[in-house]
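Asker: Model the following, please.
(4 chains)
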There are 2 protein chains.
Amino acid sequence: MCFMERGYSATSIDDVARRLGATKGRIYHHYPSKADLFADVFRTGMQFSFSSVEPLSKGPERAIERWKKMARAHATGMIRTRAFQRVVWEGVELHLKGATTPEQRDSLGRLIAHRERYARLFRTTIEEARRDGDMQFSLTGIAEELMFSALNSPVFWYSPRAGETDSDIKELVDQIVSFALRGLGGKEGSKNE
Amino acid sequence: MCFMERGYSATSIDDVARRLGATKGRIYHHYPSKADLFADVFRTGMQFSFSSVEPLSKGPERAIERWKKMARAHATGMIRTRAFQRVVWEGVELHLKGATTPEQRDSLGRLIAHRERYARLFRTTIEEARRDGDMQFSLTGIAEELMFSALNSPVFWYSPRAGETDSDIKELVDQIVSFALRGLGGKEGSKNE
DNA sequence: GTCTATATACTGATAGAC
DNA sequence: GTCTATCAGTATATAGAC
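Answerer: Predicted coordinates for the structure are as follows:
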C-alpha cells in the first residue's frame, strides 16, 4: 500500500492506476469501490501517524515535554506527507457528506473511532500537564480543535523552498508547536534538546 | 449575486440554477464558464469580509484592541458564513491546481491580490501593536499563516448546537481570538467591553 | 434574455479475453 | 490476476427556438 503518496481523490481512478503503472482492472480486483480504496488509504495513514506518536506519549519525561514531542512529531509528519494529507482531507470532506451506503457505515465509524483514539493521546497528556501545573487549561472540545488546526495547518500553507534543510523544517515545526502551546495557555519553559 | 450562500462547487451548475429558480441557460448567458462564476462569487465574499473588517483597522483605540475587534469580526464572519466559506475553500483548492487557462490568469491574480490586501490589514495593525509593546512578535509569514489557521478554523469544525444564542457564539469567538493572540505572543490584557 | 434540447467528455464501475 | 473493451451516469458547455 506504499503506492500513493500524492493524491487520488478528485484525480480519477485512472490516474491512480497510471501512477501505479497499471490499469483500473487491477484496482477493482482488490477494492469493490473507490470509497473502499479511500478507506484503506485513510486507515493506513492514520495508523502511521498513530504509531509514530503513541510511543512518545508513554515516555518518562514530564507530561508537557511529552506533549511537545508528540506535537512536533505530528506537525513534522503533516509537513512531510502534506500531499497525502490533502487528499485525505478532501476525501473525508467528500465522503462525510455523501450519503454513505449503509454497508460502509461501520467502515467510516471505525475510522472516526481511530481518529478519536489519536486525539485522546493528546488530551490525556495535556490533562497530566495541567495537573503538573504546566498548563492552565484542560483541553475542551474547542481548544482541541484549535490545537489541531494549528498543528495541521502546514498541510495547506507549507511549500518547500529551494535548498531547504532538515534543520529549517525543525525550526518551522518549533514555531508551529510554540504557537499552539502558547495558544493553549501553556508556559513555554526551557528549550530542551 | 445574493443567490448562493450554501454551495455550488461539487454541486453541479444545474443545482445552482435550480436553487436560483432558473436553468443553466441563464447562468451561461452571464458567465462564460463555471470558473468565472466561481471567481465572481469568491470576489463578492472577499469584498464582504474586507468591508466589514477594514473600518475596524482605522479606529482610535490602541492597536491591539483594534486587532482584537478585527479578529473577532473575522472569526464571527467565518462562523456565520461557514457553508459559503467551505465552498470558497474547495473552489480555491480546485482552481489553483487545475492548469488555469491563460485568460483567467489575471482574474485569479486579482483575487490573490485582494486576499493579500486583506492580510495586510492584520499585518500592519499587529506591527503597530508590536511598537506599542503589546506584542513580542512581528507577523512573519509563518505566524500569519498560523493566525489565520486559527481564525478560519471554525469553518471546518463548528456546527451549531440546538438552542445556541448569539452570546454563546460570542464566547466561542473569544476563545478562538484568545488562542490566536496568545499564540502570537501577545499579552491578554484587560477584557474590554 | 430565458428556456429546451443536445454535443462532448469524463468518471466510476463491469464483463470477458488472456 | 491483469488487461482491454465497454456501459451507464453525469458534468460542463453550446445551439437554437421563443
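Asker: use CA for all of it now, contacts and neighbours both
Answerer: Will do.
Asker: Quick check: which helices or strands does the helix or strand of chain A with the lowest mean pLDDT pack against?
Answerer: Comparing helices and strands within chain A by mean pLDDT, DSSP states H and E singles out helix A:82-97 as the least confident, with a mean of 79. Contacts of helix A:82-97 with other secondary structure elements, assessed using 3 or more Cα pairs under 8 Å, 6 or more residues apart in numbering or on different chains; DSSP states H and E, are made with helix A:34-53, helix A:154-157.
Asker: Following the chain onward from the shortest one, which element is next?
Answerer: Put plainly, it is helix A:154-157. Toward the C-terminal end, the helix or strand that comes next after helix A:154-157 (DSSP states H and E) is helix A:166-184.
Asker: Report the distance from that next one to the chain centre.
Answerer: Taking Cα atoms, centre = their mean, to the nearest Å, one finds helix A:166-184 lying 16 Å from the centre of the chain it belongs to.
Asker: To residue A:109, which of the helices and strands packed on helix A:82-97 lies closest?
Answerer: With Cα to Cα as the criterion, residue A:109 lies closest to helix A:34-53 of these, at 10.7 Å.
Asker: Show the contacting residues for residue A:132.
Answerer: With contact set as Cα atoms under 8 Å, 6 or more residues apart in numbering or on different chains, residue A:132 has these partners: residue A:63.
Asker: so what's the backbone phi/psi at it?
Answerer: phi -70, psi -10 (degrees, to the nearest 10).
Asker: how near is it to residue B:138?
Answerer: The gap separating residue A:132 from residue B:138 is 32 Å, by Cα to Cα, to the nearest Å.
Asker: now check stretch A:136-156, is it near chain B?
Answerer: Yes. Contact check for stretch A:136-156 against chain B, using Cα under 8 Å from any Cα of the partner chain: residues in range are A:142, A:143, A:145, A:146, A:149, A:150, A:153.
Asker: Buried by neighbour count, from the residues you listed: which ones?
Answerer: A:143, A:145, A:146, A:149, A:150, A:153 (16 or more other Cα atoms under 10 Å in any protein chain shown).
Asker: Which of the helices or strands spans the residue of chain A positioned farthest from its centre?
Answerer: Farthest-out residue of chain A from its mean C-alpha position, per Cα atoms, centre = their mean: residue A:25, at 30.8 Å. Element membership of residue A:25 [criterion: DSSP H and E] is helix A:24-30.
Asker: is that helix up against DNA strand D anywhere?
Answerer: Yes. Contact check for helix A:24-30 against DNA strand D, using Cα under 7 Å from any atom of the strand: residues in range are A:24, A:25, A:26, A:29.
Asker: Same question for stretch A:75-94.
Answerer: No. Judged by Cα under 7 Å from any atom of the strand, stretch A:75-94 stays clear of DNA strand D, getting no closer than 13.4 Å.
Asker: can I have that stretch written out in CSV, keeping just the CAs?
Answerer: This file holds the C-alpha atoms of stretch A:75-94, laid out as CSV (Å, rounded to 0.1, in the frame of the first residue of the first chain):
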residue,chain,number,x,y,z
ALA,A,75,3.5,18.6,12.7
THR,A,76,6.6,17.2,11.1
GLY,A,77,4.5,14.3,9.7
MET,A,78,2.0,16.7,8.4
ILE,A,79,4.7,18.6,6.5
ARG,A,80,6.5,15.5,5.2
THR,A,81,3.3,13.9,4.0
ARG,A,82,1.3,17.0,3.1
ALA,A,83,0.3,15.9,-0.3
PHE,A,84,-1.1,12.8,1.1
GLN,A,85,-2.8,14.6,3.9
ARG,A,86,-4.5,16.9,1.5
VAL,A,87,-6.0,14.0,-0.3
VAL,A,88,-7.2,12.5,3.0
TRP,A,89,-8.8,15.9,3.9
GLU,A,90,-10.5,16.1,0.6
GLY,A,91,-11.7,12.6,0.8
VAL,A,92,-13.0,12.9,4.3
GLU,A,93,-14.9,16.1,3.4
LEU,A,94,-16.4,14.3,0.4
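Asker: just for chain A, where's the confidence low?
Answerer: Applying pLDDT under 70 to chain A flags residues A:1-10, A:96-105, A:187-193.
Asker: Run a quick neighbour tally on residue A:133.
Answerer: Other residues near residue A:133 number 13, with proximity taken as other Cα atoms under 10 Å in any protein chain shown.
Asker: cool, and the one 4 residues further on?
Answerer: Residue crowding around residue A:137 was assessed by other Cα under 10 Å; the count is 16.
Asker: Quick check: it vs residue A:176, distance?
Answerer: When distances are taken as Cα to Cα, residue A:137 and residue A:176 turn out to be 19 Å apart.
Asker: Check residue A:56 too.
Answerer: Residue A:56 sits 18 Å away from residue A:176 when distances are taken as Cα to Cα.
Asker: which one of the two has more residues nearby?
Answerer: The neighbour comparison of residue A:56 against residue A:176 (other Cα under 10 Å) goes to residue A:176, with 25 against 19.
Asker: The helix holding residue A:25 vs DNA strand C: in contact?
Answerer: Yes. Shown here: helix A:24-30 in contact with DNA strand C (Cα under 7 Å from any atom of the strand) through A:24, A:25, A:28.
Asker: that older thread, from the residues of helix A:24-30 next to DNA strand D, which would you call buried?
Answerer: Burial by neighbour count, judged by 16+ other Cα under 10 Å, picks out nothing from those.
Asker: Kindly identify which of those also come near chain B.
Answerer: Answer for those near chain B: none qualify (Cα under 8 Å from any Cα).
Asker: okay but residue A:52 is in contact with residue A:73, surely?
Answerer: Yes. Using Cα atoms under 8 Å, residue A:52 is in contact with residue A:73, at 7.3 Å.
Asker: Appreciated, that's everything.
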